[in-house]
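>>> With the sequence up front, the predicted model follows.
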Amino acid sequence: DIQMTQSPSSLSASVGDRVNITCRASQNIGLYVNWYQQKPGKAPELLIYGASSVESGVPSRFTGSGSGTDFTLIITALQPEDFATYSCQQSYQTPYNFGQGTKVDIK
Amino acid sequence: VQLQESGPGLVKPSETLSLTCTVSGDPISSGGYYWTWFRQHPGKGLEWIGNVFYGGSSSYSSSLKSRLRISVGSSENQFSLNLRSVTAADTAVYYCARGQYRAALGQAHRYWGQGILVTVSS
């Protein structure tokens, strides 16, 4: 199985900050990475697919980059509604494992 | 597209957990999508359980494969999950979702159900 190692596990940030979350795959997975946002008690929401393609309706402050084994989710100018947990997922090979998640909370 | 999980919220140890996902807005029989189950243990990260492709095969998590079956129901608007011989470790929120595959970019899940908490306890 492909393992996804996500860091950091949590971070504190202020409104307006730039936030970087990274994910490392245990093998080369090309562009087969998705990023999801999840708020407490809610289902995940797809932000980014294919490493850098922004899902329709997602604000432009969310971007994704990377290929191969190293991937990054960047949130520029953090907004109050962005405080949530973010998870990467690989879709290169089943099982489509997730990273452990990064909780972004208010500093 | 909307998805909605249904099923018992409490299951006894050693019994079978059966959940149904009802899809509206786009019939499962229209094809082209991977109908997927995920779960999330309390306070933990997301776990991909498995999927079924209409008219095709199913894929399952390695750790659950021996106890798991995901199938499309007799209704064109439903698919289901059956997990046998459950234990307390199967207590989780279960989500259904629709997976879409894009060439060279992989499979992603835009549409999700709201989730259903299933507790395994006697």
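Nice, thanks for sending it over.

>>> Contact partners for the closest residue to chain B within chain A?
Closest approach between chain A and chain B, counting by CB to the nearest CB: residue A:50, at 2.9 Å. In short, each C-beta sits where N, CA and C put it, glycine included. Counting by CB atoms under 8 Å, 6 or more residues apart in numbering or on different chains, residue A:50 makes contact with A:31-34, B:102, B:104-106, B:108.

>>> tell me which residues in stretch B:36-44 are buried?
Buried positions in stretch B:36-44, judged by neighbour count with 16 or more other CB atoms under 10 Å in any protein chain shown: B:36-40.

>>> Pull the residues that contact it.
B:19, B:21, B:46-51, B:70, B:81, B:91-99, B:109, B:115.

>>> at 7 Å instead, please
With CB atoms under 7 Å, 6 or more residues apart in numbering or on different chains as the test, stretch B:36-44 has contacts from B:46-51, B:70, B:81, B:92-97, B:99, B:109.

>>> could you flag which of those are buried?
Applying 16+ other CB under 10 Å to these flags B:46-51, B:70, B:81, B:92-97, B:99, B:109 as buried.

>>> List the beta-bridge partners for residue 33.
Since no chain was named, I'll use chain A. residue A:90 (DSSP bridges).

>>> other chain: chain B
residue B:100.

>>> contacting residues for residue A:71?
A:22-23, A:33, A:51, A:64, A:88.

>>> which non-adjacent residue is nearest the spatially most central residue of chain A?
Centre of chain A computed as the mean C-alpha position; nearest residue by CA atoms, centre = their mean is residue A:35, 3.8 Å away. Leaving aside its chain neighbours, residue A:35 sits nearest to residue A:48 (4.1 Å; criterion: CB to CB, 6 or more residues apart in numbering or on different chains).

>>> Likewise for residue A:86?
residue A:102 (4.9 Å).

>>> For residue B:84, which non-adjacent residue is spatially closest?
Here the residue nearest residue B:84, using CB to CB, 6+ apart, is residue B:67, at 4.5 Å.

>>> now, among the contacts of residue A:71, which is nearest to residue B:8?
residue A:88 (32.2 Å; CB to CB).

>>> buried ones in the helix or strand harbouring the closest one?
Assessed by DSSP states H and E, residue A:88 sits inside strand A:85-90. With burial defined by 16+ other CB under 10 Å, the residues of strand A:85-90 counted as buried are A:85-90.

>>> what's next to stretch A:81-96, contact-wise?
Under CB under 7 Å, 6+ apart, the answer for stretch A:81-96 is A:1-2, A:4, A:6, A:21, A:23, A:25, A:29-30, A:32-39, A:44, A:71, A:73, A:75, A:97-99, A:101-106, B:45-46, B:48, B:59, B:61-62, B:106-108.

>>> measure it end to end?
By CA to CA, to the nearest Å, the extent of stretch A:81-96 from end to end equals 27 Å.

>>> mean confidence score for it?
Averaged across stretch A:81-96, pLDDT comes to 97.

>>> for that stretch, the distance to its chain's centre please.
Computed by CA atoms, centre = their mean, to the nearest Å, the chain-centroid distance of stretch A:81-96 equals 6 Å.

>>> what does chain A put close to chain B?
Residues of chain A found near chain B (CB under 7 Å from any CB of the partner chain) are A:1, A:31-32, A:34, A:43-44, A:46, A:49-50, A:53, A:55, A:87, A:91-92, A:94-98, A:100-101.

>>> Go again with 8 Å.
With CB under 8 Å from any CB of the partner chain as the criterion, chain A meets chain B at residues A:1, A:30-34, A:36, A:38, A:42-46, A:49-51, A:53, A:55, A:87, A:89-92, A:94-101.
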